[in-house]
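S.K.: Provided below are the primary sequence and the corresponding predicted coordinates.
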Amino acid sequence: MTIDVLIFGAASRAAGTDRVPVTVGDSPTTEHIAAALAEQHPALRFAVFAAHSPNSAPHAARLAVNHAFAPPGTIVHAHDEVALITLVSGG
Amino acid sequence: MTIDVLIFGAASRAAGTDRVPVTVGDSPTTEHIAAALAEQHPALRFAVFAAHSPNSAPHAARLAVNHAFAPPGTIVHAHDEVALITLVSGG
Amino acid sequence: MNIFTHILTGPITPDAHAAVLAAHAPHIASLQNDGSVGALLRFDGIVRRAEPSTADPSAHHDLLALDYQTYDPMAQRELDALAHRVATRYALYSLIALHSRGRVHVGEVSFVLQVAAPHRAEALAAMTDFIDDLKRDVPIWKHPVWAK
Amino acid sequence: MNIFTHILTGPITPDAHAAVLAAHAPHIASLQNDGSVGALLRFDGIVRRAEPSTADPSAHHDLLALDYQTYDPMAQRELDALAHRVATRYALYSLIALHSRGRVHVGEVSFVLQVAAPHRAEALAAMTDFIDDLKRDVPIWKHPVWAK
């Protein structure tokens, strides 16, 4: 299946777009999606890498599913809204 | 010589006045005055004690001479204004 | 607890801020008057000219503005959840947080945080925690706009 | 550096506070507009009903007011010296501190501190240091007045 992932900030500027498609198997977890993002979109690797590392720093990129940070192992469905939350910088 | 010492806060309430006289020798230091205060005004001992201890806590009572905290060994003259600055509580 | 968070478009002008506060002022004033609140603390974050470029920290251009990108409505949800967490942790009486989206020029306010607490220590700790967590968990990104 | 400290008789009413700020607002606004100031922080200390009695910490009477005794002019001098020390230590653009003398009722403001700094961290640290040192070095004493 193909899932569109919303991207923001430096990731969005690096990719030149605000959403990218990733092709994944059925019933993918957020880890599958993160791995596919890095593989299929080299320009996003800098932003994605920490997201599928077991030693993610607290400030690392994370995936949000339907506007909430996704716990590890979250399964993503076809109509879910998936977003790559890279290092934020509000305030 | 006799020197009036201004007192405030809990010291003033304990002594029932806002100034007390102390009798000291000529050219007294602030340490002499603190010792005389404790000796001649037992009601003030609780407030004075730390002032002439070598291990004064940062919040201990201190003597001010002419509206400035007096460094150790400061010599007090007849017309100086001397004040016992007990634990303050502003803010 | 009196908690209000809002993301608004453009800078937080004195008027915009006053309008928000006016809605909450009576409640905060009543908590103040009854002797519950011992500390009111307010922080305004302002866009500085010397804001470093994340892309090029050595850049010496003058900053014109910051463009704040927010992921809506997640940013609002996370901001609100953060406000509740911090207000509960420090037993605050009130927490009001405003954040900009879009362009905020140098000298304009992009963030306001106001807390009412029993004592100073809670107010300061709550403010520190809130801003630290804001910069970790709330999906808002800033992008510098340089003067030509 | 824009430094102003003042000890005034009675509570710091909104009007009294506004009058002081009005004199300093243009200077602070110009520092804000030119992009120097990144953080404005303001603290209001309010007299709480539950203020513990130093004489009797177990007292359950309601507090009516605090009477602030100041040793003048030393209190003003120490307050001003403290303001200069802290403003210098944290490279503040502005520091304004107001403190009451005399009676301040529950719910009224007895202390205001406002700082303008390059960044949040300096503003918060300056505020913490200032209040800690105020409570150590400035000859001001408070005495509780209990409700009958």
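M.R.: Perfect, I can see it now.

S.K.: going by C-alpha atoms from here, please, whenever you check contacts or count neighbours.
M.R.: Noted.

S.K.: I figured residue C:31 was touching residue C:37, is that so?
M.R.: Yes - using Cα atoms under 8 Å, residue C:31 is in contact with residue C:37, at 6.0 Å.

S.K.: could you pull out the residues contacting both of the two?
M.R.: Both residue C:31 and residue C:37 are contacted by residue C:93, under the criterion Cα atoms under 8 Å, 6 or more residues apart in numbering or on different chains.

S.K.: how many neighbours does residue 16 have?
M.R.: By default, I'm working from chain A. Burial of residue A:16 is recorded as 12 neighbouring residues (other Cα atoms under 10 Å in any protein chain shown).

S.K.: could you do chain C instead?
M.R.: 12.

S.K.: quick revisit: more neighbours, residue C:31 and residue C:37?
M.R.: Per other Cα under 10 Å, whichever of residue C:31 and residue C:37 has more neighbours is residue C:37, with 29 against 18.

S.K.: and that one, which of the three is it?
M.R.: At residue C:37, secondary structure determined by DSSP: H, G, I helix; E, B strand; the rest coil is coil.

S.K.: look up the pLDDT of the closest residue to it other than its chain neighbours for me, please.
M.R.: Nearest residue to residue C:37, sequence neighbours excluded (Cα to Cα, 6 or more residues apart in numbering or on different chains): residue C:118, at 4.8 Å. Looking at residue C:118, its pLDDT stands at 95.

S.K.: residue C:118 contacts residue C:41, correct?
M.R.: No - under the criterion of Cα under 8 Å, residue C:118 is not in contact with residue C:41, lying 11.2 Å apart.

S.K.: could you pull out the helices for chain A?
M.R.: A:9-15, A:30-40, A:45-48 (DSSP state H).

S.K.: out of those, flag the one nearest chain D.
M.R.: Closest approach to chain D among these (Cα to the nearest Cα): helix A:9-15, 21.9 Å.

S.K.: other SSEs contacting the closest one?
M.R.: Counting contacts by 3 or more Cα pairs under 8 Å, 6 or more residues apart in numbering or on different chains; DSSP states H and E, helix A:9-15 packs against strand C:140-146.

S.K.: near chain A at all, the strand it packs on?
M.R.: Yes - under the criterion of Cα under 8 Å from any Cα of the partner chain, chain A is reached by strand C:140-146 at C:140, C:141, C:142, C:143.

S.K.: and of the helices of chain A, who's closest to residue B:66?
M.R.: Ranking these by proximity to residue B:66 (Cα to Cα) places helix A:9-15 first, at 60.8 Å.

S.K.: if we can go back for a sec, in a markdown table, list the helices of chain A along with distance to residue D:135, mean pLDDT and mean neighbour count.
M.R.: What follows is those, written out as a markdown table (distance: least, Cα to Cα, whole Å; pLDDT from 0 to 100; neighbours: other Cα atoms under 10 Å in any protein chain shown):
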| stretch | distance to residue D:135 | mean pLDDT | mean neighbour count |
| --- | --- | --- | --- |
| helix A:9-15 | 45 | 93 | 19 |
| helix A:30-40 | 53 | 93 | 20 |
| helix A:45-48 | 48 | 84 | 20 |
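
S.K.: okay, those in JSON lines with distance to residue B:34 next?
M.R.: As requested, the helices of chain A are exported to JSON lines (distance: least, Cα to Cα, whole Å):
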{"stretch": "helix A:9-15", "distance to residue B:34": "66"}
{"stretch": "helix A:30-40", "distance to residue B:34": "72"}
{"stretch": "helix A:45-48", "distance to residue B:34": "67"}
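
S.K.: so how far is residue C:111 from residue C:131?
M.R.: Distance, residue C:131 to residue C:111, by Cα to Cα, to the nearest Å: 10 Å.

S.K.: quick one: which of those two has more around it?
M.R.: It is residue C:111, of residue C:131 and residue C:111, that has more neighbours when counted by other Cα under 10 Å, with 23 against 16.

S.K.: does the helix or strand harbouring that one reach chain D?
M.R.: Assessed by DSSP states H and E, residue C:111 sits inside strand C:109-117. No - using Cα under 8 Å from any Cα, strand C:109-117 never reaches chain D; the gap is at least 8.8 Å.

S.K.: so what does that strand touch, helix or strand wise?
M.R.: If you count contacts as 3+ Cα pairs under 8 Å, 6+ apart, strand C:109-117 packs onto strand C:39-46, strand C:94-105, helix C:120-137.
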